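In: Okay, predicted coordinates and the sequence, questions at the end:
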Amino acid sequence: MDVEQMIVSLCQAAKKAARTLATAPTPIKNQALLQAATRLRQNSGTLLAANLQDVEAGRKNGLSSAMLDRLTLTEARIDAMAKGLEIIADLPDPVGETMMQWRRPNGLEIGQVRIPLGVVGVIYEARPNVTADAAGLGLKAGNAVILKGGSEAFRTNSAITDTLTAAAVEAGLPEAAIQLIRSTDRQAVATLLRQERFVDVIIPRGGEELIRAVTERSAVPVIQHFSGVCQTYVDAEADLQKAARICMNAKVQRPWVCNAMENLLVHESVATQFLPPFLAELEKVGVEIRGCERTRRIVPQVKAATEEDWRTEYLDLILSVKVVNSLDEALDFISTYGSGLADAIISENYSQVRRFLNEVDSATVYANASTRFTDGFEFGFGAEVGISTNRLHARGPMGLRELTTYKYIIHGDGQIRG
């Protein structure tokens, strides 16, 4: 069987499995998730051995340190995957929920009821935890999931998928509920993106290049975010100790993730007090600072920022800093350069906070907290299948509800339309 035939067959099987999953009882889905969590812990040795081969191959192939970090599994990360599945099992099942219900004057009873999306394709790079997160969320929301991980994690993803599928089958669910495309041929993705008859949505998760390529080539609807250019604004009435702690976390805790801060905006009235000590602390941990002219007048050793810097998702220990003269200037900057993923204000002024939260049009907006919390696990979703900056269907971390849609169920008693 060639790659194209293999993908079509896999998608057909997923479509058939989705019919069963759509009406699967909640206890059965939960049983599959809990058994999967148990098996992940029991099979940790097998998973770590497979991952070690992928990591060694990645080093030989010149993967960056950031990519190697995303790729690497540890006992702690395996346990985190298992805990994520257990949390998903404990969450309310959204499938079958009556969202709204009303009665028309002619006696028709109309209900809006939550249902699964159907078949969800997830295309992702490097991070093997996405295999468990996407499969667990998809299954609990009643969807069949088709996974296409990066070639750099081929062995790891295969071992995880085998573990999850065995748990699903043991619970009485179809084997095709969770499938991994076991091919490194690029034609596999191209074929998957043409399967609009069988696949209901594609969720790409990775760098901007991957997401743009998927979006441009897909005949299947795509939920995506292209980049994570996140801003934090330190207001004139910020608690500067609080601001330093939050901004340090937002930049350096894991600088290579999409919700890390890339642009720091500081009000001119606190810039002289805040920037010298804070930028010195950043430099101690290896952060390269690029600043506007006003920033460089306050901290002369800072490298000059270019127009392109404001638009750049560094995914590295690099930070752009701009001094602004007002909240309005900060809002204009975020509107111009931000990617709509996550932005924050640090301020003790209630009216300033309210304006920022209301006027910044991003998927997640924070007051006095780090943008690093833009994450399905941190939101209490157990995990996420991705973070969306779309306006249609879903925004922000995508958990169970974001993997459902709805249909209308209408009860009548012989009514006809006149």
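Out: Now that the structure is in, tell me what you want to look at.

In: so how far is Gly228 from Gly111?
Out: According to CB to CB, to the nearest Å, Gly111 stands 38 Å off from Gly228. From N, CA and C alone the C-beta is placed, and that goes for glycine too.

In: Among the two, which residue is more densely surrounded?
Out: Gly228 (23 against 15; other CB atoms under 10 Å).

In: tell me the SS of that one?
Out: Following DSSP: H, G, I helix; E, B strand; the rest coil, Gly228 is assigned to coil.

In: Which strands or helices does the worst-scoring helix or strand of the chain on mean pLDDT pack on?
Out: The weakest-scoring helix or strand in the chain, judged by mean pLDDT, DSSP states H and E, is helix 65-71 (a mean of 87). Helices and strands touching helix 65-71, by 3 or more CB pairs under 8 Å, 6 or more residues apart in numbering; DSSP states H and E, are helix 44-60.

In: Would you mark the buried spots in the helix it packs on?
Out: For helix 44-60, the neighbour count (16 or more other CB atoms under 10 Å) marks Ser44, Leu47, Leu48, Ala50, Asn51, Asp54, Val55, Ala57, Gly58 as buried.

In: Kindly reformat these as JSON lines containing pLDDT and distance to Gly412.
Out: Output for the buried residues of helix 44-60, formatted as JSON lines (pLDDT from 0 to 100; distance: CB to CB, whole Å):
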{"residue": "Ser44", "pLDDT": "97", "distance to Gly412": "55"}
{"residue": "Leu47", "pLDDT": "98", "distance to Gly412": "53"}
{"residue": "Leu48", "pLDDT": "98", "distance to Gly412": "58"}
{"residue": "Ala50", "pLDDT": "98", "distance to Gly412": "56"}
{"residue": "Asn51", "pLDDT": "97", "distance to Gly412": "56"}
{"residue": "Asp54", "pLDDT": "96", "distance to Gly412": "57"}
{"residue": "Val55", "pLDDT": "97", "distance to Gly412": "60"}
{"residue": "Ala57", "pLDDT": "96", "distance to Gly412": "61"}
{"residue": "Gly58", "pLDDT": "95", "distance to Gly412": "60"}
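
In: and of the residues you listed, the nearest to Ala76?
Out: Nearest to Ala76, judged by CB to CB, of these is Ser44 at 10.4 Å.

In: The closest residue to the closest one other than its chain neighbours sits in which helix or strand?
Out: Counting by CB to CB, 6 or more residues apart in numbering, Ile78 is the residue found nearest to Ser44 once chain neighbours are left out, at 5.0 Å. Using DSSP states H and E, Ile78 falls within helix 75-90.

In: re the thing from before, pull the distance from the least confident helix or strand of the chain to the chain's centre.
Out: Relative to its chain's centre, helix 65-71 lies at 17 Å (CA atoms, centre = their mean, to the nearest Å).
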